[in-house]
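Engineer: Quick one, what's the 3D model for this:
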Amino acid sequence: QWDYPNAWPPLQHMVIMGLDSTGDEYAKDLAFEIAERWVRSNYRAFNETNAMFEKYDATVVGGHGGGGEYEVQLGFGWTNGVIMELLAKYGDRLTANEVFGSEELVSSAQINSPVAPQVAPLVTVLVAQTTIAAACIGAIFYLRKVNPNERYVRIPTH
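Structural biologist: Predicted structure coming up:
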């Protein structure tokens, strides 16, 4: 459920903030572009369904994600939180109109820009690191739930 084409708000947030914090102007511009597309996609989904989703389809502007262990959840807190954070950070620059060209999504390999070859490996590394970190955190919580440390379970009697 975490794989393509699903796009998850916390992972989008991590990539956007990671790129923005590099100090590199190309990376910061890419962070803004990703943020603007994410906000616009969420806005379209909300206008069409009156709901915010847990995950979105990265290939369809306004499309909700699918697959996984359960039905797509509506009104998910982290979706709302990420949107609020992006609006707070970029709200003064966001526009209602598509300024990056067609709303049809394109891969970074299709972009005819001198920046794309330099930024694509950075984005790939950031996404991979974020995915690995999310998996590790999930595994830690799962293991603590399944096999809790006795020190945290028993109340001392002395």
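Engineer: Identify the residue spatially nearest to residue 47, adjacent ones excluded.
Structural biologist: residue 62 (7.9 Å; Cβ to Cβ, 6 or more residues apart in numbering). Where you see a C-beta, it was placed from the backbone N, CA and C, and this is true even at glycine.
Engineer: and the residue nearest to residue 89 when sequence neighbours are not counted, how many neighbours does it have?
Structural biologist: Nearest residue to residue 89, sequence neighbours excluded (Cβ to Cβ, 6+ apart): residue 35, at 7.3 Å. For residue 35, the tally of surrounding residues (other Cβ atoms under 10 Å) stands at 26.
Engineer: got a pLDDT number for residue 35?
Structural biologist: At residue 35, the pLDDT value in this model is 92.
Engineer: Can you tell me how far it is from residue 24?
Structural biologist: Per Cβ to Cβ, to the nearest Å, residue 35 is found 16 Å from residue 24.
Engineer: Likewise for residue 129?
Structural biologist: Relative to residue 24, and taking Cβ to Cβ, residue 129 is found at 17 Å.
Engineer: Between these two, which is the more surrounded one?
Structural biologist: Neighbour count, other Cβ under 10 Å: between residue 129 and residue 24, residue 24 has more, with 16 against 13.
Engineer: Do you know the pLDDT at the more buried one?
Structural biologist: We note a pLDDT of 91 for residue 24 in this prediction.
Engineer: and the gap between it and residue 16?
Structural biologist: From residue 24 over to residue 16 (counting by Cβ to Cβ), the distance is 14 Å.
Engineer: Check residue 89 too.
Structural biologist: In terms of Cβ to Cβ, residue 89 sits 9 Å off from residue 16.
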